[in-house]
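A.B. asks: I need the structure of the sequence given here:
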Amino acid sequence: MSATILPEKTLHYPVLLNEVINIITPQNGGTFIDCTFGQGGYSKKILEYPNTKVIAIDRDKNSLHIASDLKKKFEDRFSFHNIKFSQIKDLNLKDEIKGIIFDLGYSINQIKNLSTGLSFDSKGELNMKMGLNDFSAKDVINKLDQKELEQIFRYFGEEKNSKLISKKIVLERQKKNLDTQDLVNIVKRVKKKHYTKTNPATKVFQALRIFVNKEISELSKSLEASASIVSQNGIVLTVSFHSLEDKICKFFFNYLSKQDKVSRYLPEKKTTKKSFSLITKKPVTPGSQELKLNPPSRSAKLRAIKKIDTYENNVNVFLKYENLFNIENFSEKLWKNT
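C.D. replies: Numbering: from 1, shown residues only. Reported below is the predicted structural model:
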């Protein structure tokens, strides 16, 4: 059965759109960077206000046709770059940047597009590449060893059955190369007594997607770069959808906004000067009306900080997550052999 791509008219709701707009205030004009353009929901809303510009980024080439339509409509007020958001530092920025936005979720079109391999219903090869990748999820489950798979599932998916699942994968792939449904069935067999309302393979799929797209290092690098790029009184805002992403955003925002150190992994700060102030002391989550309209938004958490002074950093802020970066480096054996 061939993969089916849903028509473009599939509805996509930008999560926490009103809350995002209230925080970044495009009503007052300014230039904004939309680091996860996707279906263009945030960018379109920002451009409704006069005297605004949007610099959009997305690694997924499927966003190009939407970006092309916006370019025709708004001309010099809009530009699009098909790059990873960790490459934000390489942009030739001429304007002061009033706000930088990260929506770390996936649109309904990306999930329902069975060719991406993000859906449990996909009948083809495991993919999960969101663009500009060196390897796919198929390479991961068919080539990495049991210990490596176990760590990916445990740390990126918080999967309690990671050891048994990885063992079963290694056994089954001796018979043939595994595809999407093979993986789903393996997880279902391992977790047959622990079914919940969600698909039992959810955490394994999340872990593979994070690993394939190097989402941990991508997020860390882009947050660090954003702190330098955003202008005085500018906003850095994230909308995350799983606990690992949210922990990283929370940790970094606390580091920027607190005078004392926020982790035993970091040295004592040499200055009491704060570079940023927290706008959201607690994460903003969707209200009942949005949840009714868009149930997948239930896990969304919005965090935001405001730049109040120059940002200079001479330490490895994300040393706390070095183990996760090391797990990402398992991929070296994949792209060297592809």
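
A.B. asks: name the helices or strands packed onto the helix or strand containing N142?
C.D. replies: Assigned by DSSP states H and E, N142 falls within helix 137-143. Contacts defined by 3 or more CB pairs under 8 Å, 6 or more residues apart in numbering; DSSP states H and E place helix 137-143 against helix 146-157, helix 202-212, helix 332-335. In short, each C-beta sits where N, CA and C put it, glycine included.

A.B. asks: all helices of the protein, in order?
C.D. replies: According to DSSP state H, the chain carries its helices in the segments 17-24, 41-47, 64-74, 108-112, 137-143, 146-157, 162-172, 180-190, 202-212, 215-229, 243-257, 288-293, 322-328, 332-335.

A.B. asks: picking up where we left off before, can I have the helix holding N142 written out in CSV, keeping just the CAs?
C.D. replies: Presented in CSV, the C-alpha positions along helix 137-143 are these (Å, rounded to 0.1, in the frame of the first residue of the first chain):
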residue,chain,number,x,y,z
ALA,A,137,14.5,5.7,11.8
LYS,A,138,14.7,2.6,9.6
ASP,A,139,18.5,2.9,9.8
VAL,A,140,18.3,3.3,13.6
ILE,A,141,16.3,0.2,14.4
ASN,A,142,18.0,-2.0,11.9
LYS,A,143,21.6,-1.0,12.5
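
A.B. asks: if you average pLDDT over that helix, what comes out?
C.D. replies: Average pLDDT, helix 137-143: 95.

A.B. asks: mind listing what's buried in that helix?
C.D. replies: Of all the residues in helix 137-143, those buried under the rule 16 or more other CB atoms under 10 Å are A137, K138, D139, V140, I141, N142, K143.

A.B. asks: export the residues you listed to TSV and tack on distance to P200?
C.D. replies: TSV is the format used below for the buried residues of helix 137-143 (distance: CB to CB, whole Å):
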residue	distance to P200
A137	17
K138	20
D139	23
V140	19
I141	16
N142	21
K143	24
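
A.B. asks: K292: neighbouring residues, count only.
C.D. replies: Counted with other CB atoms under 10 Å, the neighbours of K292 add up to 9.

A.B. asks: cool, G99 as well?
C.D. replies: Residues near G99, counting by other CB under 10 Å, number 27.

A.B. asks: Also the one 5 residues further on?
C.D. replies: L104 is surrounded by 22 other residues when neighbours are defined as other CB under 10 Å.

A.B. asks: Nearest residue to it in space, ignoring adjacent ones along the chain?
C.D. replies: S240 (4.8 Å; CB to CB, 6 or more residues apart in numbering).

A.B. asks: wouldn't that neighbour be in contact with F252 here?
C.D. replies: No: under the criterion of CB atoms under 8 Å, S240 makes no contact with F252, lying 11.7 Å away.

A.B. asks: who touches both of the two?
C.D. replies: Counting by CB atoms under 8 Å, 6 or more residues apart in numbering, S240 and F252 have no contacts in common.
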